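Engineer: give me a model of this one.
(one chain, ligands or ions: 1)
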Amino acid sequence: MLTAEQISFFQENGYLVVKDAVSADQLQALRDDFATWVEESRGHSDGWGETINGKNRFDVEKGHSAETPALRRINAPHEVSDAFFNAMADSAMTDMVADLIGPDVKLHHTKVNSKLPGAATAVKWHQDFPFTPHTNDDLITALLMVDEVTEENGPLEVWAGSHTGEIHSLWHDDEFTGAVSAEITEEALRNRQICTGTPGSVCLMHTRLLHGSAPNQSDMPRTLFICVYSAVDAMPISPSPVPTRDQGRIVRGEDHGRVRAVGYDMPMPELPKGASFFDQQAG
Ligand SMILES: O=C(O)CCC(=O)C(=O)O
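Structural biologist: Numbering: from 1, shown residues only. Model prediction:
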């Protein structure tokens, strides 16, 4: 799926934006299901539904109402939608991930992060690996753009090349914030690249890459379907922040029954058990 040039861009920069990561039909099916959930949210004053750990499947933002729905998160959407399952398990996106960390690839978790027009949600700068530590760091967060992502509607922002640096602490003054320090954030903002794209594009991101995103400043929605995959030989060493019955499902290649542990020298920030940056950061 990916050219040698795209693969070396990813290796050097820690991210890669590619168009047409799902077919037109797959994209339409995702958009239809998401629109149905937004309509459904009008009938709820708070989060609803349940995932396997008893948390809400659908979360709404402060200020959500029937008139101004503010659905902001769906946990494990692939469990309740064939469209989301297919895009996760069998799309060009899945093949691209296999090109980068395969041939043997398994699912870790999925979620939708939505910023409807006017949504205040921002994601503070962080790296994903501390939330999903594994025995090696062959993990990719694939952020599929279900809507067009522009500079105004709260795009993903990344610090290119930061995946080759250290893992930064998410604890400050003895408190877990789910975000890196103010100093690292300032440096990240000075170095940021903005990941925009047409609907159906994907941003493939290395698990160690520093990233964040600002609120939606536009009247256009910004919906991302986020799938986290790992190499089959990477074993999780902490509980998943977004548990799914499909964690560990092989989506490309096969399981050879091997575990690869890399003797990396990285101070792992100590996380509260099952911590999710979203729970910690959500205002
Ligand atoms: O929704 C966003 O803008 C960012 C998502 C993100 O940071 C993540 O999934 O790790």
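
Engineer: what residues does the chain have near the ligand?
Structural biologist: 113, 123, 128, 141, 156, 211, 213, 224, 226 (Cβ under 6 Å from any ligand atom). Where you see a C-beta, it was placed from the backbone N, CA and C, and this is true even at glycine.

Engineer: show me these that map onto strands.
Structural biologist: With strands taken from DSSP state E, the overlap with the residues of the chain next to the ligand comprises 113, 123, 141, 156, 211, 213, 224, 226.

Engineer: can you give me the helices in this structure?
Structural biologist: 4-13, 24-41, 82-89, 92-101, 182-190, 277-281 (DSSP state H).

Engineer: and of the ones in strands among the residues of the chain next to the ligand, the nearest to E183?
Structural biologist: H211 (16.8 Å; Cβ to Cβ).

Engineer: got the contact list for that closest one?
Structural biologist: 15, 123, 125-127, 156-159, 205 (Cβ atoms under 8 Å, 6 or more residues apart in numbering).

Engineer: show the buried residues in those residues.
Structural biologist: By neighbour count, with 16 or more other Cβ atoms under 10 Å, the contacts of H211 hold 15, 123, 125-127, 156-159, 205 as buried.

Engineer: what about stretch 11-19, average pLDDT?
Structural biologist: Stretch 11-19 shows a mean pLDDT of 98.

Engineer: going by neighbour count, which residues of it are buried?
Structural biologist: 13-18.

Engineer: tell me the one of these nearest T51?
Structural biologist: Among the buried residues of stretch 11-19, and counting by Cβ to Cβ, the member closest to T51 is Y15, at 27.9 Å.

Engineer: surely the closest one meets L204?
Structural biologist: Yes: counting by Cβ atoms under 8 Å, L204 is a contact partner of Y15 at 6.5 Å.

Engineer: please report the distance of the residue sitting furthest away from the middle of the chain from T132.
Structural biologist: In terms of distance from the mean C-alpha position of the chain, E67 ranks first, at 28.2 Å (Cα atoms, centre = their mean). E67 is 37 Å from T132, where distance means Cβ to Cβ, to the nearest Å.

Engineer: what of D174?
Structural biologist: For D174, the distance to T132 - Cβ to Cβ - is 23 Å.

Engineer: mind checking which of the two has more residues around it?
Structural biologist: When D174 and T132 are compared for neighbours, T132 comes out ahead with 22 against 5, by other Cβ atoms under 10 Å.

Engineer: just the pLDDT for that one.
Structural biologist: At T132, pLDDT is 94.

Engineer: for it, grab phi and psi.
Structural biologist: phi -140, psi 60 (degrees, to the nearest 10).

Engineer: against D138, how distant is it?
Structural biologist: 12 Å.

Engineer: one more: S218?
Structural biologist: With Cβ to Cβ as the criterion, S218 and D138 are 35 Å apart.

Engineer: again, but for S201
Structural biologist: For S201, the distance to D138 - Cβ to Cβ - is 23 Å.

Engineer: same check, this time on L116
Structural biologist: Note on L116: its distance to D138, by Cβ to Cβ, is 34 Å.

Engineer: ok, D33 next?
Structural biologist: Distance from D33 to D138, by Cβ to Cβ: 30 Å.

Engineer: mind checking which of S218 and D138 has more residues around it?
Structural biologist: Neighbour count, other Cβ under 10 Å: between S218 and D138, D138 has more, with 20 against 15.

Engineer: bridged to the residue nearest to that one when sequence neighbours are not counted, which residues?
Structural biologist: Leaving aside its sequence neighbours, D138 sits nearest to A231 (Cβ to Cβ, 6 or more residues apart in numbering; 3.7 Å). Here A231 sits in beta bridges with V105, going by DSSP bridges.

Engineer: this completes my enquiry, with thanks.
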